[in-house]
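Visitor: My questions are about this predicted structure, shown below with the sequence.
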Amino acid sequence: MTESAPVDHGLEDFVVVTEIAEGQRLAEDIFQAKYRAAAPGHGHHVFALLGGPEGWQVGSYINYLPHRNAMLVGGACTNGEVLRQLPARQRELIEAAGGLMLQTVRYAEQRFSLCSVGTFGHCGDARSWSILSQCGYQRLDHPYLIVRWNRDLPEAERTELVASVAALGEF
């Protein structure tokens, strides 16, 4: 594991959010369950790990991939099976804190904000949007493209960066 960041109050006894280098194997099961595809072998792997009697388990995962001077975010997934095994009080605390995806996105945005002018995502899912919008994401003039700007850019540079991300298609 690399560095971790504090999680919302009440979760710190059983939730750790952190980036894990070479995290593809750890993300594989949760990613397969959500997307029916192999977990990304690239980028930054950010996890919410849940501690309990069985040891630490993956509760949530998200991937950040560098693109030019920005980041691409994708692959968000939560392990419902692991969450259902938690005591009711822990599930209530996670829900009151906005969920595990919110914890992972907040961590990653803080972690990568200094090295990224913004983070782009593709979002057509209302549930994901409800979380990402809490983290400062905004919709662009594109059916699913969203961004969270970390810094102001000259208009021409911003337009070029948005176009380069849009040209990638879904990521």
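Guide: Perfect, thanks for sending it.

Visitor: Could you pull out the strands in the protein for me?
Guide: 4-5, 15-19, 44-52, 55-67, 70-78, 118-122, 138-139, 145-149 (DSSP state E).

Visitor: Select from those strands the stretch with the lowest mean pLDDT.
Guide: Averaged per stretch, pLDDT over the strands of the chain is lowest on strand 4-5, reaching a mean of 50.

Visitor: residue ranges with poor pLDDT in the protein?
Guide: Per-residue confidence of the chain (counting by pLDDT under 70) places the weak regions at 1-6.

Visitor: What segments of it are helices?
Guide: Taking DSSP state H as the test, the helices found in the chain are 24-35, 80-84, 88-96, 100-112, 126-132, 155-166.

Visitor: The longest one versus strand 118-122: what angle between them?
Guide: Meaning helix 100-112. For helix 100-112 and strand 118-122, the angle between their directions (axes from the mean of the first three to the mean of the last three C-alpha atoms, to 10 degrees) works out to 150 degrees.

Visitor: and helix 100-112, what does it pack onto?
Guide: Using 3 or more C-beta pairs under 8 Å, 6 or more residues apart in numbering; DSSP states H and E as the contact criterion, the neighbours of helix 100-112 among helices and strands are strand 4-5, strand 15-19, strand 44-52, strand 55-67, strand 70-78, strand 118-122, helix 126-132. In short, each C-beta sits where N, CA and C put it, glycine included.

Visitor: Out of these, which is closest to Ala37?
Guide: Across the helices and strands packed on helix 100-112, the minimum distance to Ala37, taken as C-beta to C-beta, is reached by strand 70-78, at 9.1 Å.

Visitor: give me phi/psi at Ala38?
Guide: phi -70, psi 140 (degrees, to the nearest 10).

Visitor: that older thread, would you convert the strands of the chain into TSV that also reports distance to Leu86?
Guide: Supplementary listing: the strands of the chain in TSV, determined by distance: least, C-beta to C-beta, whole Å:
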stretch	distance to Leu86
strand 4-5	19
strand 15-19	10
strand 44-52	7
strand 55-67	9
strand 70-78	12
strand 118-122	28
strand 138-139	33
strand 145-149	29
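
Visitor: residues contacting Leu145?
Guide: When the contact criterion is C-beta atoms under 8 Å, 6 or more residues apart in numbering, the partners of Leu145 are 120-122, 139, 162, 165-166.

Visitor: List buried residues within the residues you listed.
Guide: Buried residues within those, defined by neighbour count using 16 or more other C-beta atoms under 10 Å: 120-122, 162, 165-166.

Visitor: Now flag whichever of these is closest to Thr18.
Guide: Distance to Thr18, by C-beta to C-beta, is smallest for Gly121 among these, at 20.6 Å.
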